[in-house]
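Chemist: next one to model:
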Amino acid sequence: MGHAVGDVLGLAAGVAVSPLPIVAIILILATPRGRLNGTLFALGWLLGLAALGAIMLAVGGSGGASDHKHPATWVGVLKLALGALLALFGAVQWRRRPRDPSQAQLPKWMAAIDHFTPGKILGLGLLLSAGNLKNAPLTIAAAASISSAGISVPQQIGTLAVFVLIASLGVLAPLAVYLVMGDRAQGILANWREWAARHNVAVLAVLFFVLGLKLLGDGISILAG
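Modeler: Sure, this is the predicted structure:
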C-alpha cells in the first residue's frame, strides 16, 4: 500500500494546485452564507474525486489491471493517452496565457456566485473536481495506478482516500482559514484569490505539461516492461 500511495502523491499534488477552484471557494466564502456554502463546495469536491476514483477502481478490479504484479497493458495505454492529452492541453494553455497577468479574466459565472443556491454550490464542487480537464485525467490515472498495484480492496480504498485528501488540500485550505479565523481571514483569502486569478492560466499550462510528461513516461515504462 505504501508503494501505491507513493505512486499517486504527485498526481494528487497536481489536482490540489487548482487555481480556479481555489478562487471559486474564496468567492463562495465571501457570500452571506459563506460557512454553509464553503462546506458544501468542499463536500462536492471531495465527492467528485472519490466517485470518479471509485468508478475507475471498479473498472480496474474487473478488468485485471494487475498481471503477475505488473500493470496490465491497458493501464500503460491509458496513461500514455492521458499524458498526451494533458501535454497537448498544456501547450494550448501556454499559448493562450495573457502576456500581462494583471489582464487575466475570471469566468463570467463567478460574478453570479452570490446568487447560487446550496444545490448549485454542491454541484459546482462536483463539476470543478470530477469534470475538470486537469483533475479528471489525473484522478483516473491515479485510480488506474492503485488498481494495478496488486493490493487488496480495502487497501485500494485506503489509498484512494489518501489521494482524495491530498488532492483536496488546495480547496480545503481556504475553508480551514475561514473557519478558524473568521472575519480576520478576509485579507489572507483576498491575497490568495488575487494571486490565483492572475496566474491561473500559466500555472495550469505548466501543470498540464509537466504532469502530462510524467504520465507519458509512466505509460512508456509499463508498455516497455
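
Chemist: the helices in this protein, which residues?
Modeler: 2-16, 19-29, 34-62, 73-96, 118-130, 135-147, 153-167, 169-181, 186-224 (DSSP state H).

Chemist: so what's the gap between the fourth one and the chain middle?
Modeler: Helix 73-96 sits 15 Å away from the centroid of its parent chain (Cα atoms, centre = their mean, to the nearest Å).

Chemist: from here on, count from 39
Modeler: Sure, I'll start counting at 39 from here, so that last one is helix 111-134.

Chemist: what does that helix contact?
Modeler: Under the criterion Cβ atoms under 8 Å, 6 or more residues apart in numbering, residues 98, 101, 103, 105, 171-172, 175-176, 178-179, 182-183, 185-186, 239-240, 242-261 lie in contact with helix 111-134. C-beta: built from backbone N, CA, C; applies to glycine.

Chemist: and the angle from that helix to helix 173-185?
Modeler: Counting by axes from the mean of the first three to the mean of the last three Cα atoms, to 10 degrees, helix 111-134 lies at 150 degrees to helix 173-185.

Chemist: what is the least confident helix or strand in this protein?
Modeler: Averaged element by element with mean pLDDT, DSSP states H and E, the chain has its least confident helix or strand at strand 104-105 (a mean of 53).

Chemist: that older thread, columns mean pLDDT, distance to residue 146 and mean neighbour count on top of the helices of the chain, output as TSV?
Modeler: Below are the helices of the chain laid out as TSV (pLDDT from 0 to 100; distance: least, Cβ to Cβ, whole Å; neighbours: other Cβ atoms under 10 Å):
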stretch	mean pLDDT	distance to residue 146	mean neighbour count
helix 40-54	87	25	19
helix 57-67	90	13	24
helix 72-100	91	19	20
helix 111-134	86	17	18
helix 156-168	94	14	20
helix 173-185	91	21	26
helix 191-205	94	27	19
helix 207-219	92	21	18
helix 224-262	83	14	18
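
Chemist: among the ones you listed, which is nearest residue 148?
Modeler: With Cβ to Cβ as the criterion, residue 148 lies closest to helix 57-67 of the helices of the chain, at 6.0 Å.

Chemist: now for that closest one, which elements pack on it?
Modeler: Packing contacts for helix 57-67, counted by 3 or more Cβ pairs under 8 Å, 6 or more residues apart in numbering; DSSP states H and E, involve helix 72-100, helix 156-168, helix 207-219, helix 224-262.

Chemist: distance from the chain centre to stretch 184-191, please.
Modeler: Worked out by Cα atoms, centre = their mean, stretch 184-191 lies 21 Å from the chain centre.

Chemist: and what of stretch 48-59?
Modeler: Per Cα atoms, centre = their mean, the centroid offset for stretch 48-59 relative to its chain is 5 Å.
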